[in-house]
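Asker: Here's a sequence, model it:
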Amino acid sequence: MSRIGKKPVVVPAGVQIKINGVEVSVKGPRGELKRTFHTAMTFEQKGNEVLVSRPDDARQNRALHGLSRALLNNMVDGVTKGFKKVLMIEGVGYRADLIGKNLMLYLGYSHPILIEPPAGIKIAADPKAKSITIDGNDRELVGEIAAKIRSLRPPEPYKGKGIRYSDETVRRKAGKAGKVGA
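Answerer: Sure, this is the predicted structure:
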């Protein structure tokens, strides 16, 4: 049996969960999230806990069991605490500015890049620290936006220029050795 799927999802005070078959909506102090899960999974609320169960031990159902429980837990965490990703910009002339809610990136291309955040996502840019903060309730969406911004100029191994996650380490390579004895 799935070790993650067996754990109940604890619902903190101030969070309401509505289960309608495989459609689950979670409402909390930071907002509301809805998700439709796989039809094989069943959700049962007992007090302040939600249990996820599966019909049998088929390989796909075992995988979906742990996934469904983790997604539901992320929904509960999102409406209570939220999720945040921090990106760092390295490189001469590389910078990020906010224009209203939109993010304008200057990354050494011939043109600036404008990024409009989707609903539920807040982007903040600190030009002095050369950092971008992405904040939201949906963990999947926060990670996806952060990955899209990083993919515009991923860090390169020689000088370390580019956009990286704040906790990411870039393995550096030695450049050309040069001609010896010339």
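
Asker: quick one: average confidence on the longest helix belonging to the chain?
Answerer: Identified as the longest helix of the chain according to DSSP state H is helix 59-80. In this model, helix 59-80 has an average pLDDT of 94.

Asker: Now it: buried residues?
Answerer: 61, 64-80 (16 or more other Cβ atoms under 10 Å). For every residue, glycine as well, the C-beta is placed using N, CA and C.

Asker: again with stretch 27-47
Answerer: By 16+ other Cβ under 10 Å, the buried positions in stretch 27-47 come out as 28, 33, 35, 37, 40, 41, 43.

Asker: Check those residues and tell me the two furthest apart.
Answerer: 28 and 40 (26.8 Å; Cβ to Cβ).

Asker: what about the helix or strand harbouring residue 163, average pLDDT?
Answerer: Using DSSP states H and E, residue 163 falls within strand 162-165. The pLDDT scores in strand 162-165 average 96.

Asker: Residues touching that strand, excluding its own?
Answerer: The contact list for strand 162-165, computed with Cβ atoms under 8 Å, 6 or more residues apart in numbering, reads 85-91, 94, 107, 132, 146, 149-150, 152-156, 170.

Asker: Who does residue 134 form a beta bridge with?
Answerer: Residue 134 has these beta-bridge partners by DSSP bridges: residue 85, residue 123.

Asker: doesn't residue 84 make contact with it?
Answerer: Yes. If you go by Cβ atoms under 8 Å, residue 134 and residue 84 touch, sitting 6.9 Å apart.

Asker: Which of these two has more residues huddled nearby?
Answerer: The residue with more neighbours, out of residue 134 and residue 84, is residue 134; 22 against 14, by other Cβ atoms under 10 Å.

Asker: Now for that one: which residues touch it?
Answerer: 84, 85, 86, 87, 117, 121, 122, 123, 142, 145, 146, 149.

Asker: and the fourth one, how many neighbours?
Answerer: Looking back up the chat, that one is residue 87. Around residue 87 there are 22 other residues, counting by other Cβ under 10 Å.

Asker: related to what we said a few turns ago, for the longest helix of the chain, which helices and strands make contact with it?
Answerer: With contacts defined as 3 or more Cβ pairs under 8 Å, 6 or more residues apart in numbering; DSSP states H and E, the packing partners of helix 59-80 are helix 3-6, strand 9-10, strand 23-28, strand 31-36, strand 49-53, helix 139-151.

Asker: Show me the contact partners of that helix.
Answerer: Identification of contacts with helix 59-80 by Cβ under 8 Å, 6+ apart yields 1-5, 7, 9-12, 14-15, 17, 24, 26-33, 35, 37-38, 40-41, 43, 50, 52-55, 83, 136-140.

Asker: re the thing from before, sheet-wise, list the partners of the strand holding residue 163 with their directions.
Answerer: strand 83-90 (antiparallel).

Asker: Report the mean per-residue pLDDT for stretch 24-41.
Answerer: 94.
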